[in-house]
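J.: for reference, the sequence and a predicted model appear below.
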Amino acid sequence: MLQKTVVLVKPDGLQRGLIGNIISRFEKKGLKLVGLKMTRLTDEILDHWYIHHKGKSFFKSLKDFMKSYPIVAMVWEGMESVAAVRLMCGITKGYEAEPGSIRGDYGLSQQFNLIHASDSAESAQKEIDLLFAPGELFEYDKGEYLYLYSEEERA
């Protein structure tokens with residue numbers, strides 16, 4: 001099933017100059033980029049984004065980190081893209097992440113883990129609504145889908 005998923009390159013990924021490498025990995029996988037922008041996260045967005053962490057001891061430092069520099073927000077589309085993107089990112093702790101994953105290849109930290117990826121289709125839609133205005137996502141044909149997915153998968 002075609003899905004949309006959100007990826008954020010966090011402030012540490014921006015500072016380390018990894019945006020191009022990260023985008024390239026998703027493109028090489030065959031995912032379709034349907035939304036892309038650089039933005040600064042606000043307290044309001046972060047309060048919604050990290051509502052599950054509200055009240056925890058690290059909540060303020062997490063928000064401060066995510067507001068410290070701009071982030072690059074992307075929406076990727078593809079078959080089962082939520083699961084595929086999460087695998088490509090690797091587990092949260094960079095020092096435990098699998099070699100070949102983004103965090104495994106570029107990260108050593110738990111907090112400075114370079115990237116965020118939606119954990120479900122429902123979360124992806126919530127995150128899209130928080131970051132992208134109507135008209136900022138694009139629909140277009142991707143010719144290589146004919147060579148990525150079988151006819152049955154595209155149906």
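T.: Okay, I see it. Residues are numbered from 1 along each chain as shown.

J.: stretch 9-17: how far from the chain's middle?
T.: Offset of stretch 9-17 from its chain centre (CA atoms, centre = their mean, to the nearest Å): 13 Å.

J.: and for stretch 111-127?
T.: Using CA atoms, centre = their mean, the offset of stretch 111-127 from its chain centre is 6 Å.

J.: how about residues contacting it?
T.: 3-10, 12-13, 16, 18, 22, 48-49, 58, 61-62, 65, 75, 82, 85-86, 88-89, 92-94, 102-103, 106-107 (CB atoms under 8 Å, 6 or more residues apart in numbering). Where C-beta positions appear, they are placed from N, C-alpha and C, glycine not excepted.

J.: show me those residues that map onto strands.
T.: Secondary structure from DSSP state E places 3-9, 75 of those in strands.

J.: farthest-separated two in the residues you listed?
T.: 3 and 9 (19.9 Å; CB to CB).

J.: now which of the contacts of stretch 111-127 would you call buried?
T.: Taking 16 or more other CB atoms under 10 Å as the criterion, what is buried in the contacts of stretch 111-127 is 3-10, 12-13, 18, 22, 49, 65, 75, 82, 85-86, 88-89, 94, 102-103, 106-107.

J.: hmm, back to that, in a markdown table: the ones in strands among the contacts of stretch 111-127, plus pLDDT and distance to residue 134.
T.: Putting these into a markdown table (pLDDT from 0 to 100; distance: CB to CB, whole Å) gives the following:
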| residue | pLDDT | distance to residue 134 |
| --- | --- | --- |
| 3 | 96 | 19 |
| 4 | 98 | 14 |
| 5 | 98 | 19 |
| 6 | 98 | 16 |
| 7 | 98 | 20 |
| 8 | 98 | 20 |
| 9 | 98 | 23 |
| 75 | 98 | 13 |
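
J.: which one of those sits closest to residue 26?
T.: Closest approach between these and residue 26, by CB to CB: residue 7, at 7.1 Å.

J.: tell me who's in contact with that closest one.
T.: Residue 7 touches 22, 26, 73-76, 85, 89, 115-118, counting by CB under 8 Å, 6+ apart.

J.: closest to residue 147 among the residues you listed?
T.: Among these, residue 26 lies closest to residue 147 (CB to CB), at 16.9 Å.
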